[in-house]
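Engineer: A predicted structure for the sequence below; I have some questions about it.
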There are 2 protein chains.
Amino acid sequence: MDDKPLPTPEEDAQLAHVIGHRLQKQVMVCTAKSCTANGSEAVLEAFKQQLVDRHLLYNKHDREAPIQCITCGSVGFCAIGPAVLVYPDGVWYAHVHPEDVPEIIEEHLVKGKPVERLVRKRM
Amino acid sequence: MDDKPLPTPEEDAQLAHVIGHRLQKQVMVCTAKSCTANGSEAVLEAFKQQLVDRHLLYNKHDREAPIQCITCGSVGFCAIGPAVLVYPDGVWYAHVHPEDVPEIIEEHLVKGKPVERLVRKRM
């Protein structure tokens, strides 16, 4: 165990803006092998670009925006990808292609209603 | 838009066992640049190995186990990593090192009580 004491939550909040930010949703796009082979990189780019265009993407350039978009490893949807997860909702999407991204952004991320035809698991 | 109709949820469940599995928790270890530089790969390996040892790691070798452990991209904890997220709880840990892993497994993942000294965000 490291003998150095941990920084306090207050100290850490100075170093990690996201701690104090009211992040509303986290979108995770699987970029493991199978999803990548099925085009998940284009899905990731579609989410990022369209969220930026709508001033919804939280990143270092926009620290007021409500949605974070990151990659994740395999969730077991290898045969039905690309997989996209949305938290804290716990909605797991399968078969997501770039043409589905505007609908997921508008209906789910903005209006709060998951796109049921693509939902394959909830947790 | 692809003209091929989507597989049904029932068809997909035949191809993705996790759909029908009662997954209880998902542990995500950040393996983006800063967390990796701070040793997150060792944290990931510690989780995986110890969860396997306790028959808790859900993967193709153990489809009854309750916990999935995957990687994720940067969540904004670059300066306070390694970052570990636990869903559906929405608990974000910072400063996680391999020596913290047994406590997180036992106290949080098994007993349901987050290790507060390392929690830096909830969502």
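Structural biologist: Looks like it arrived, so ask away.

Engineer: okay, and for chain A, where does confidence drop off?
Structural biologist: For chain A, residues meeting the criterion pLDDT under 70 lie at A:1-3.

Engineer: where do the helices sit along it?
Structural biologist: For chain A, helices defined by DSSP state H occupy the ranges A:9-15, A:33-37, A:40-53, A:101-103.

Engineer: between those, which gets nearest to chain B?
Structural biologist: helix A:9-15 (4.0 Å; C-beta to the nearest C-beta). Every C-beta, even on glycine, is put in place using the N, C-alpha and C of the backbone.

Engineer: contacting residues around that closest one?
Structural biologist: The list of residues contacting helix A:9-15 from outside it, by C-beta atoms under 8 Å, 6 or more residues apart in numbering or on different chains, reads A:7, A:19-20, B:79-80, B:94, B:120.

Engineer: could you identify the most distant pair in the residues you listed?
Structural biologist: Farthest pair in these (C-beta to C-beta) is A:7 and A:20. Separation: 14.7 Å.

Engineer: show me which of the two is the more surrounded one.
Structural biologist: residue A:7 (16 against 12; other C-beta atoms under 10 Å in any protein chain shown).

Engineer: I figured that one hits residue B:117, correct?
Structural biologist: No - checked against C-beta atoms under 8 Å, the pair residue A:7 and residue B:117 is beyond contact range at 11.0 Å.

Engineer: distance of the residue nearest the centre of chain A from chain B?
Structural biologist: Averaging the C-alpha coordinates of chain A gives a centre point, and the residue nearest to it by C-alpha atoms, centre = their mean is residue A:27 (1.4 Å). Using C-beta to the nearest C-beta, to the nearest Å, residue A:27 is found at 11 Å from chain B.

Engineer: correct me, but that residue touches residue A:70?
Structural biologist: Yes - when contacts are counted by C-beta under 8 Å, residue A:27 is listed as touching residue A:70 (7.5 Å).

Engineer: one step back: the residue nearest to the centre of chain A - nearest residue in space that isn't next to it in sequence?
Structural biologist: residue A:69 (4.5 Å; C-beta to C-beta, 6 or more residues apart in numbering or on different chains).

Engineer: residues of chain A that sit close to chain B?
Structural biologist: Residues of chain A found near chain B, taking C-beta under 8 Å from any C-beta of the partner chain as the criterion, are A:1-2, A:6-7, A:9, A:12-13, A:15-19, A:23, A:26, A:28, A:58, A:68, A:70-80, A:87-88, A:90, A:94-95, A:97, A:99, A:117-118, A:120-121, A:123.

Engineer: can you say which of the residues you listed are buried?
Structural biologist: Buried by 16 or more other C-beta atoms under 10 Å in any protein chain shown: A:7, A:12-13, A:16, A:18-19, A:23, A:26, A:28, A:58, A:68, A:70-78, A:80, A:87, A:94-95, A:97, A:118, A:120-121, A:123, out of the residues of chain A next to chain B.

Engineer: can you verify my assumption that residue A:109 contacts residue A:26?
Structural biologist: No - with contacts defined as C-beta under 8 Å, residue A:109 does not count as touching residue A:26, sitting 10.3 Å away.

Engineer: joint contacts of these two?
Structural biologist: Counting by C-beta under 8 Å, 6+ apart, the residues touching both residue A:109 and residue A:26 are A:67, A:86.

Engineer: just the buried ones among the residues of chain A next to chain B: which are in strands?
Structural biologist: Using DSSP state E, the members of these that fall in strands are A:26, A:28, A:68, A:70-72, A:87, A:120-121.

Engineer: from those residues, which two are the most distant?
Structural biologist: The most widely separated members of these, counting by C-beta to C-beta, are A:68 and A:120 (22.0 Å).
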